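> Next come a sequence and a model predicted from it.
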Amino acid sequence: GAVVSQHPSWVICKSGTSVKIECRSLDFQATTMFWYRQFPKQSLMLMATSNEGSKATYEQGVEKDKFLINHASLTLSTLTVTSAHPEDSSFYICSAGGQSSGANVLTFGAGSRLTVL
Amino acid sequence: GQNIDQPTEMTATEGAIVQINCTYQTSGFNGLFWYQQHAGEAPTFLSYNVLDGLEEKGRFSSFLSRSKGYSYLLLKELQMKDSASYLCAVSVYGGSQGNLIFGKGTKLSVKP
């Protein structure tokens, strides 16, 4: 089945620094990948849709200059949290589409837990 | 607006059956998904319903009624490893397949 790899699985950084998270589709090509954020005891919230070779589409309320998304190839999307602050501490999860049970089913990466000190 | 409701927590006994309900009000509907999420891990796909009725897959079954905006996930022969959060998510028309609206999840605790 489809496998999505996400790295790093956890990261701690100082306030004001930038952090890059990678999302790779290992055994399939993904023209579209998705980035979610999940705060404790909250639901997954779609942040942006990453499109290969073009600009990402951001959800309302998500700052595109703060959360930079690059989808340079069919197997790699990156999310960079710029000038991170403690309120950006969260669980960031990427996903890509695949087929299962006749539906377009998302396969999720293992997630990246970001802690900003 | 988009709204998906499911109970926050449930407790059940090993070997028993548990039903997790989900109601939704969304601007469109292109299918309903159930995902399992263990603490600190990514969600994993369990089931997908787009037509009314029951979909059975081993110990897990999922039901959908589009007219009622209602779904449930049924877990049989509960095992300790089933302790996890179960996320109900709706795919909304007009968005990409990633445009899933997620509920907050139901944390299921399975007791011996």
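On my side now, so go ahead.
> who does the lengthiest strand in chain A touch, helix- and strand-wise?
Longest strand in chain A, counting residues (DSSP state E): strand A:90-100. Applying 3 or more CB pairs under 8 Å, 6 or more residues apart in numbering or on different chains; DSSP states H and E, we find strand A:90-100 packed against strand A:4-7, strand A:19-25, strand A:32-38, strand A:76-81, strand A:103-108, strand A:112-116. C-beta coordinates here come from the backbone N, C-alpha and C atoms, glycine included.
> at 7 Å instead, please
Here strand A:90-100 touches strand A:4-7, strand A:19-25, strand A:32-38, strand A:103-108, strand A:112-116, going by 3 or more CB pairs under 7 Å, 6 or more residues apart in numbering or on different chains; DSSP states H and E.
> Now for whichever residue of chain A sits closest to chain B: which residues touch it?
Scanning chain A for the residue nearest chain B gives A:F34, at 3.4 Å (criterion: CB to the nearest CB). Contact analysis of A:F34 by CB atoms under 7 Å, 6 or more residues apart in numbering or on different chains lists A:46, A:49-50, A:94-95, A:106, B:98.
> same deal with A:D27?
Contacts for A:D27 (CB under 7 Å, 6+ apart) come out as A:2-3.
> Tell me if I'm right that A:S25 and A:T31 touch.
No: counting by CB atoms under 7 Å, A:S25 sits too far from A:T31 to count as a contact (9.9 Å).
> the more surrounded of the two?
Under the neighbour definition other CB atoms under 10 Å in any protein chain shown, A:S25 and A:T31 were set side by side, and A:S25 has more, 25 against 14.
> Now do the buried residues in the lowest-mean-pLDDT helix or strand in chain B.
Every helix and strand of chain B was ranked by mean pLDDT, DSSP states H and E. The lowest is strand B:100-102, at a mean of 86. Neighbour counts using 16 or more other CB atoms under 10 Å in any protein chain shown place B:100-102 of strand B:100-102 among the buried residues.
> Pipe those residues into a markdown table and attach distance to B:N30 per row.
Converted to a markdown table, the buried residues of strand B:100-102 look like this (distance: CB to CB, whole Å):
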| residue | distance to B:N30 |
| --- | --- |
| B:L100 | 10 |
| B:I101 | 11 |
| B:F102 | 15 |
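> of those residues, closest to chain A?
Using CB to the nearest CB, those come closest to chain A at B:F102, 4.1 Å.
> how about the residues of chain A that lie near chain B?
A:32, A:34, A:42-44, A:46, A:49, A:93, A:95, A:97, A:100-101, A:103-106, A:108-111 (CB under 7 Å from any CB of the partner chain).
> just the buried residues of strand B:100-102 that are near chain A?
The subset of the buried residues of strand B:100-102 within reach of chain A, by CB under 7 Å from any CB, is B:100, B:102.
> B:T23 touches B:P7, doesn't it?
No: if you go by CB under 7 Å, B:T23 and B:P7 don't touch, sitting 10.5 Å apart.
> tell me which element the nearest residue to B:E55 once chain neighbours are set aside is part of?
Leaving aside its chain neighbours, B:E55 sits nearest to B:S62 (5.1 Å; criterion: CB to CB, 6 or more residues apart in numbering or on different chains). For B:S62, the host element (DSSP states H and E) is strand B:60-65.
> Could I get the buried residue list for that strand?
Within strand B:60-65, the residues scored as buried using 16+ other CB under 10 Å are B:60-64.
> cool, and stretch A:77-91?
A:77-79, A:81, A:84, A:88-91.
> just stretch A:12-22 next, same as before
So, applying 16+ other CB under 10 Å, buried residues of stretch A:12-22: A:13, A:19, A:21-22.
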